[in-house]
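Enquirer: Predicted coordinates and the sequence they were generated for:
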There are 2 protein chains.
Amino acid sequence: MDILKERILCDGSGIGTDVVKVDGFLNHMIDVRLMDLIGKEFASRFADVKVDKILTVEASGIAVACFAAKYFNCVPVVFAKKTAPNTMIEDAYCAEAKSFTKGSISMVRVAKKYICEGENILIIDDFLAHGQAGSALAQIVRMGGAEVAGFGAVIEKKFQGGGDKMREDGIRVESLAIIEKIEDGKIYFSNN
Amino acid sequence: MDILKERILCDGSGIGTDVVKVDGFLNHMIDVRLMDLIGKEFASRFADVKVDKILTVEASGIAVACFAAKYFNCVPVVFAKKTAPNTMIEDAYCAEAKSFTKGSISMVRVAKKYICEGENILIIDDFLAHGQAGSALAQIVRMGGAEVAGFGAVIEKKFQGGGDKMREDGIRVESLAIIEKIEDGKIYFSNN
């Protein structure tokens, strides 16, 4: 997705060899016009797939997932929680996910009633790095007897292997910008 | 906003005397069609106000703020963070907020560069209860030399006093559903 890659190069920055900072339009400040285009692009990439629901994880995945849902006939969006608020009193599916940017291991959880047997659930997230969050979400989908319709990432950091791991796991992965490497703060995209 | 109140009565539930559970369309699963209507309603209520930016706090405020932004000419949305990821390396404005549903005190923070002097910033959140999150966000706006254009809440729990506290502080508050009390699990709306 060229407009996204241009935006990453223009407003984003590489830090060291593995961090991409895109908090000017995706992770802290959100450009809703771009989110809308991103949502549309996911719908076009997964046009041949039946999608009953979209699953993401708080917080940065929410905007992307919501704008994508618009283009999937307004299917419900469920966001996995990283902490359990006192209003979450029912049974939940839990899976472990390591946060690359926060350097911590956390549980992600989804109330059981929001994953229904036989549903086709598209997972959407802002980043696909080591694939920890994505794999945890896929696990949760399967715990509920639902199918993973695919995984859509706004930015995949290919060199961290999460995307390939998910593809090997039989999940169709669509990433809108694939980063091959980061060197001296410069971001190199893959040609795929 | 009648459609919202009906939805709260239909899909939401009161717990004890102070908790409203709306995780079926707002807080865990998101109904994007309703979010769009909510966004439009905020735009109509604040139609006479200049809005340069929308500020919210992760996680449940994000969807609402993004759909509202669409109706404010796609102004940028900034969401305050509750934890500091390792990509947040710059100076931030921080303020303390107590989470009513999580029973904890946390810091909310916004990178200084995303609050600009003289901007009119509309604060949007899913709930207005004790007003802790809203007051923390208002504090951050003022720290940056910007103006609070108003505060928009999807649901105000009037009996917890946060809305009145913010109004006394000179902030224009617009709440789309105002809950007067919760008794035996039954939700009573205010007529305002």
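Expert: Structure received. Computed from a predicted structure; not experimentally measured. Numbers count the residues shown, from 1 in each chain, chains lettered A, B, ... in the order given.

Enquirer: Check residue A:90 and give its pLDDT.
Expert: pLDDT recorded at residue A:90 is 73.

Enquirer: Give me the phi and psi angles of residue A:154.
Expert: Dihedral pair for residue A:154: phi -70, psi -50, per degrees, to the nearest 10.

Enquirer: again, but for residue A:51
Expert: Dihedral angles (degrees, to the nearest 10) for residue A:51: phi -120, psi 120.

Enquirer: How about residue A:117?
Expert: phi -50, psi 130.

Enquirer: try the one 4 residues further on
Expert: Backbone torsions for residue A:121, taken as degrees, to the nearest 10, come to phi -110, psi 120.

Enquirer: my guess is it meets residue A:149, correct?
Expert: Yes: counting by C-beta atoms under 8 Å, residue A:121 touches residue A:149, with 5.9 Å between them. The C-beta positions use only the backbone N, C-alpha and C, and glycine is treated the same way.

Enquirer: shared neighbours, the two?
Expert: Jointly contacting residue A:121 and residue A:149 under the rule C-beta atoms under 8 Å, 6 or more residues apart in numbering or on different chains are A:51-52.

Enquirer: Any part of the longest helix seen in chain A near chain B?
Expert: For chain A, the longest helix by residue count, based on DSSP state H, is helix A:32-45. Yes: shown here: helix A:32-45 in contact with chain B (C-beta under 8 Å from any C-beta of the partner chain) through A:32-33, A:35-36.

Enquirer: just stretch A:140-156 next, same as before
Expert: No: using C-beta under 8 Å from any C-beta, stretch A:140-156 stays clear of chain B, coming no nearer than 12.3 Å.

Enquirer: Quick check: end-to-end length of that stretch?
Expert: Terminal residues of stretch A:140-156 are spaced 21 Å apart (C-alpha to C-alpha, to the nearest Å).

Enquirer: what is the mean pLDDT for it?
Expert: Averaged over stretch A:140-156, pLDDT sits at 98.

Enquirer: again, but for stretch A:111-121
Expert: Stretch A:111-121 comes out at a mean pLDDT of 98.

Enquirer: Run a quick neighbour tally on the nearest residue to residue A:120 once chain neighbours are set aside.
Expert: Nearest residue to residue A:120 in three dimensions, chain neighbours excluded: residue A:149, at 4.2 Å (C-beta to C-beta, 6 or more residues apart in numbering or on different chains). The tally of other residues near residue A:149 (other C-beta atoms under 10 Å in any protein chain shown) stands at 23.
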